[in-house]
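> have a look at this prediction, sequence included:
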Amino acid sequence: MNVCIIGEGLTSLALAKNLINKKINVHIYYKNKIQKKISSRTIGISKNNLEFFKKEILEITKMNYWKIKKIEIYSQKIKNENILNFNNEKDDLFYMVKNERLYELLKKEVLKSKFIKRIVINKKLNEKNLNKKDYDLIINSDPNNFIAKKYFTKKIEKNYFNVAYTAIFKHKKIENNTAVQVFTEFGPVAFLPISKNETSVVCSLDTKSKKFSNSEIIELINKNNPKYVIKNIFDINSFNLSSSVLRKYYQKNILAFGDLLHRIHPLAGQGFNMTIRDIKIFSEIIQNKIDLGLQLDSTILKDFENQARNKNFMFSNGIDFIYEFFNLEKKLKIRNFTKILKAVGKNNNFNNLLIKIADRGINL
């Protein structure tokens, strides 16, 4: 089987590594230009997804991820009082990984494989030329190229008019295994540990009526700092926030993947987790066909859409509901609204259900 993957981001490399592990030939088309590295970008990976990643994609060592054992959620509305807690006495909740580090590990391993060929994208690249290569499958993870614009334009989209500001700060060494999210008047501020003396922060802020300077971001971090003796804050970056869910996953032998399939608000840190679950579904479909001795062809794409689309749609809407719920909480001047949420959060069954969904996704 010969597969073409367009794009060389984290998603493309993870998918390529999974396929070459099955001895499938993969051609990666990439843009020959220096990409800006954002060292403050971090990703959360659920326990279930990390187990799959280590088994079916790349065995990453403990030194490359940081365990989170508890999540605490606060609201400025009631004097920064704790309103929700999530923890599992038996297991870690999820793991934090530096985006840049995981990318470099994947790229290094992918380039070692005899099943990989990298091809620079040039002006002559088009669908006709790709078809001449007789690829069994073409997988596109680039939302802005000619394939996306021709075949994958029907989406459910939403502009949050939010900007995510990311940064990393160094601090005095502590046992740093609790993630904290504070809902402020401007939006949620998340503190995500990545070592004993380093923590990443994501501020998802409403920018409809106010723009934020770097100094204001630093002030917001310091104001909502839950416990850290901060030494310095660095690598502040920003990007606009929106959500997108693709209606149709494939056309002919071309499959959309990654951010082209779905893009969600980072509020719950589930974006890359959704992608890993997609890789898991895709991988299992291919492996089942290999085990049965069946031909690997474009029927895989139909099977993938049938298994993944409804789950992704429901999960994306669930994340959007959480955003709108806390956005309403921010706008309302009623303190009892937050107190009701705090009371609901004391229900162990409710907490365990949310932990399970965050870990494994939605099972239909």
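It's in. Numbers count the residues shown, from 1 in each chain.

> and the host helix or strand of Phe239, average pLDDT?
Counting by DSSP states H and E, the element that carries Phe239 is strand 230-246. Averaged across strand 230-246, pLDDT comes to 93.

> flag the helix or strand of the protein with the lowest per-element mean pLDDT.
None of the helices or strands of the chain scores lower by mean pLDDT, DSSP states H and E than helix 335-344, at a mean of 66.

> okay, now Lys22: neighbour count?
15 (other C-beta atoms under 10 Å). For every residue, glycine as well, the C-beta is placed using N, CA and C.

> that one contacts Ile286, correct?
Yes. The pair Lys22 / Ile286 is scored as a contact, 6.6 Å apart, by C-beta atoms under 8 Å.

> quick one on the thing from earlier: helices or strands up against the strand holding Phe239?
In terms of contacts (3 or more C-beta pairs under 8 Å, 6 or more residues apart in numbering; DSSP states H and E), strand 230-246 is packed against strand 155-171, helix 214-224, strand 262-263, helix 299-331.

> which helix or strand contains Lys150?
Per DSSP H and E: Lys150 is located in helix 146-151.

> what are the contacting residues of that helix?
With C-beta atoms under 8 Å, 6 or more residues apart in numbering as the test, helix 146-151 has contacts from Ile6, Leu125, Asn126, Glu127, Ile138, Asn140, Asp142, Lys248, Gln251, Ile254, Ala256, Leu260.

> ok, now with 10 Å
Identification of contacts with helix 146-151 by C-beta atoms under 10 Å, 6 or more residues apart in numbering yields 6, 125-127, 130, 138-143, 246, 248, 250-252, 254, 256, 260.

> how long is stretch 103-122 end to end?
One end of stretch 103-122 sits 23 Å from the other (C-alpha to C-alpha, to the nearest Å).

> quick check: mean pLDDT of it?
On average, stretch 103-122 scores 94.

> list the buried ones in it?
Neighbour-count burial for stretch 103-122, counted by 16 or more other C-beta atoms under 10 Å, picks out Tyr103, Leu105, Leu106, Lys107, Glu109, Val110, Ser113, Phe115, Ile116, Ile121.

> which intervals of the stretch 1-150 of the chain have sub-threshold pLDDT?
For the stretch 1-150 of the chain, the stretches with pLDDT under 70 are 34-40, 77-80.

> which residues in it form strands?
2-6, 25-30, 42-46, 66-68, 70-75, 81-87, 94-98, 116-120, 137-140 (DSSP state E, counting those that start in this stretch).

> report the buried residues of the helix holding Lys150.
Ile147, Ala148, Tyr151.

> ok so, going back, tell me the most buried of the helices and strands packed on strand 230-246?
strand 262-263 (a mean of 23; mean count of other C-beta atoms under 10 Å).
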